[in-house]
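> sequence and predicted structure, then a few things I'm wondering about:
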Amino acid sequence: MASTALEELHPPLGEESLGVVHGKLGMWTFLVMDAMTFAGFLAGYARLRWGVGGGADIPWPYPYDTFGQVGIQLTAFNTFILVCSSVSMVHSLAAALKGNMKTAQNWMLATIIGGLFFLGIQGFEWTHLIKDIFFNGDIKNVNFAATFFCLTGFHGCHVAVGVIYNLIMFLGMRSGKIHQGNASLVEIAGLYWHFVDLVWILVFTFVYLI
Amino acid sequence: MSTTAKGYLAPLTKEAETSTWVYLKEWFCSTDAKRIGVMYIIFSIIMGLVGLAESLAIRIELAAPGPTFVSDATYMTLPGMHATAMIFFFIIPLYTGFANFLVPIQIGAPDMAFPKLNLCAFWILPPAALITFSSVLFQVFGVDLVVPPDFGWTAYPPLSTAAYNSNIGADLWIMGVILVGTSSTMGAVNFLSTVFNMRCKNMTFFQLPLFTWALVVTSFLILASTPVLSSAMLMLQLERTMPELFSFFSPQGGGDPILYQHLFWFYSHPAVYIMIMPGFGIISEIIPTFSRKPIFGYSVMVWSMIAIAVLGFVVWAHHMFTSGIATEVRAGFMFLTMLIAVPTGIKIFSWLGTMWGGSLKFDTPMLFATGFLIMFTIGGLSGVTLASVPVDIELHDTYYVVAHIHYVLVAGALMTIFAGFYFWWPKITGLMYDERLGRIHFWLTTIFINVTFFVQHYLGVKGMPRRYFDYDPSFADLNLVSSLGSFALAAAQLILFANIALSLKRKVAATANPWKDAKTLEWALSSPPPHHNFDEDPVWEPVERGHGPASHDAHPQPAE
């Protein structure tokens, strides 16, 4: 890994090391932490939905009834977009590793647009749910609303941060600060983006499908 | 003293040499892990004094039955704020301070992997402390607008929901705790990246000093447990702010208070190990040095730390034996909890094995290490009794638990902090301390820790509940003993501060290795170490980790 530019950013690797840049280790360890944060929210969801006690007298709403067929299909489409943006992220990294920075830049732009699209659809869905369903008194079980907004909102924040992160990568490529020599920066951004994608698959499965 | 002898303490620019303000600014913006470490240590000592003041207020109130010193409403806020100060702002950051100073040097690196992240992690702490304790300031100045939360450091709902604790002081407390958690996870990411990636030549994983190993294990504990507390706190905060919309924990809204306890203890049990593991590391450095022998069972020491960390994640429900969880679950957690005594016992016996047949020197650090060994064992044994479900149901929320936690954290963690403080003081400041004052400090501290906390075992067994404002007059005598002990214990700490002041005034320069038998890399550097630690990349001389008669083919290869 050509790392002259990286050495300006970070102290050098030791003689004994894992042989990857510091940033990658930092991102992986950060993702352990982030995964545990989501685990906390998911554990809360699972306990309130399937645990004993709690709001047992008000049944947990059936997702299909709450979101409706259109709602679930819309979110499935949204999931598809997020997965596609992960694919474009992989293309961006592949191009950057080959030194095709112009191509990498375009794929990164596609990733950003995918993220923004996801946020847009989620915002639309939230508006609809808040205005037409939750405040209409259609949903009696407040635990459902609480866990739903908590999980999807926390994930949405991650997507928003990811979009900003990718935007910084995009601008870095455009100004030439990110090039073939430090393409690991793109790889690290990709780790985060794929993680956010992966978490969404879990959230989608638990909240919308089961 | 010349500039070169001042090491990392020396001002970096001409202006900083003449102006104190510029020099201070240089410290506040420094990305040198050693300076950040020292800032961590100073900050945590200040917060430790806050926690100490709160504990003294508790002991004054409890010295005699009936209302004596503070109002009952004020008293209810004290135990929680004392615990918050001591756990989140004293012990954990103090260890982080030592680690910042020592881990890069011990692995032969110039600095941490992410120096700016390191500085950022530190600077989250003072605002977090201000946010958390602003309610106490309001209380001290007699403003009723903001009062500290009175739900203890555990913040169990429904007591901590808006229905019972609507004051903004509780919201500030939650925010502060989330910020501290963020800071310590930033530190953990940094330590792991540093140790994994920046070791010098020949410093393979099974050559790492045990203090560094302890920090690796602690960092994993922090990474995997702290975020769960953050998510629980975020849910609690949402429920407090918008009780109509968000309901997770309060039974009125169909929530489950036990869920909070699970999430909370999933963090807070590993947190106990976060608060003792670096201490184990410190003791593992000190005992070999002053026994003039290599550590006994090095690799077993490492594996037992890993075992404690793994087991630490599967025992959390032993804090909830009286909350109505199923008997089968309680039996399982009881078994797993008792299992932790095995790796801990391995550590205790390995330390004893290190001392066995050694040529012992009892300087102050070694005195504290020995005191730790004995008293921590008492704390560990009272832990095993509490792990037993039937006994715990009897002793839950009594002073027995208070005695246990203080034997683990005061007679355990605090003793290791003192040991490490005396051990590395010459390295950090380049100055020697007064050995005689150090010994007096040790003896008074050890005696009065036992006077303060040992009687609490008996009070607990007799049924005195914890966190109560008042108690039955039959408990009066032992409570008075405990209170007098705590005042004497606090007074004994003045000797430590006198020692620090004397050391700074007398300026007796320390040599590079004042203990002569210390082997890790920090002792190869001048005291205090220079900026960027090593002039040229160091090469570690691999240490023979085996024991018994030398048989060269039986020696394990250093593992990757």
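Perfect, I can see it now. For clarity, every value in this text was computed on a predicted model and none was experimentally measured.
> nearest to chain A: which residue in the stretch 1-150 of chain B?
B:Ala113 (4.3 Å; CB to the nearest CB). (C-beta placed from N, C-alpha, C; glycine too.)
> and the nearest residue to that residue once chain neighbours are set aside, how many neighbours?
Nearest residue to B:Ala113, sequence neighbours excluded (CB to CB, 6 or more residues apart in numbering or on different chains): B:Ser193, at 3.9 Å. By other CB atoms under 10 Å in any protein chain shown, 28 other residues sit near B:Ser193.
> any chance you could map the helices in the stretch 151-300 of chain B?
For the stretch 151-300 of chain B, helices defined by DSSP state H, counting those that start in this stretch occupy the ranges B:168-197, B:210-241, B:257-274, B:277-291, B:298-312.
> for A:Phe195, which non-adjacent residue is spatially closest?
Residue nearest to A:Phe195 in three dimensions, not counting chain neighbours: A:Leu31, with 5.2 Å by CB to CB, 6+ apart.
> check for me that that neighbour belongs to a strand.
No: counting by DSSP: H, G, I helix; E, B strand; the rest coil, A:Leu31 is located in no strand; its state is helix.
> those residues of the stretch 451-560 of chain B touching chain A, which are they?
By the rule CB under 8 Å from any CB of the partner chain, the part of the stretch 451-560 of chain B lying against chain A is B:537, B:539.
> low pLDDT regions in the stretch 451-560 of chain B?
B:546-560 (pLDDT under 70).
> ok and the residue in it nearest chain A?
Nearest residue of the stretch 451-560 of chain B to chain A (CB to the nearest CB) works out as B:Asp537 at 6.8 Å.
> and the stretch 201-350 of chain B, which residues reach chain A?
Residues of the stretch 201-350 of chain B lying near chain A (CB under 8 Å from any CB): B:201-204, B:219, B:223-232, B:234-235, B:238-239, B:244-248, B:253-256, B:258-259, B:262-263, B:266.
> 7 Å instead, please
Contact residues (CB under 7 Å from any CB of the partner chain) of the stretch 201-350 of chain B with chain A: B:201, B:203-204, B:223-224, B:227-228, B:230-232, B:235, B:238, B:245-248, B:253-256, B:259, B:263.
> now the strand or helix carrying A:Gln73: buried residues?
According to DSSP states H and E, A:Gln73 maps onto helix A:63-98. Applying a neighbour-count criterion of 16 or more other CB atoms under 10 Å in any protein chain shown, one finds A:63, A:66-67, A:71-72, A:74-75, A:78-79, A:81-82, A:84-86, A:88-89, A:91-93, A:95-96 buried in helix A:63-98.
> count the neighbours of B:Ala490 for me.
Neighbourhood size, B:Ala490 [other CB under 10 Å]: 17.
> can you pull the contacts of it?
B:52, B:56 (CB atoms under 7 Å, 6 or more residues apart in numbering or on different chains).
> confirm that it sits in a helix.
Yes: assessed by three-state DSSP, B:Ala490 belongs to a helix.
> from B:Leu56, how far out is it?
As judged by CB to CB, to the nearest Å, B:Ala490 and B:Leu56 stand 6 Å apart.
> again with B:Phe246
Here B:Phe246 is placed at a distance of 39 Å from B:Leu56 (CB to CB).
> these two - which one has more neighbours?
Per other CB under 10 Å, whichever of B:Phe246 and B:Leu56 has more neighbours is B:Phe246, with 24 against 18.
> quick check: closest non-adjacent residue to the residue of the stretch 451-560 of chain B closest to chain A.
Using CB to CB, 6+ apart, the nearest residue to B:Asp537 is B:Cys200, at 6.0 Å.
> ok, that neighbour - how many residues close by?
By other CB under 10 Å, the residues close to B:Cys200 number 19.
> now do stretch B:248-255, average pLDDT.
For stretch B:248-255, mean pLDDT rounds to 85.
> correct me, but B:Leu444 touches B:Gln493?
No: with contact defined as CB atoms under 7 Å, B:Leu444 does not count as touching B:Gln493 (9.0 Å).
> distance of the residue nearest to B:Ala113 from A:Gln105?
Distance of B:Ser193 to A:Gln105, given as CB to CB: 29 Å.
> tell me which parts of chain A are close to chain B?
Within chain A, the positions near chain B by CB under 7 Å from any CB are A:10-11, A:13-18, A:22, A:25-26, A:29-30, A:32-34, A:36-37, A:39-41, A:43-44, A:47-48, A:51, A:53-55, A:58, A:141-143, A:145-146, A:150.
> brilliant, that's me finished.
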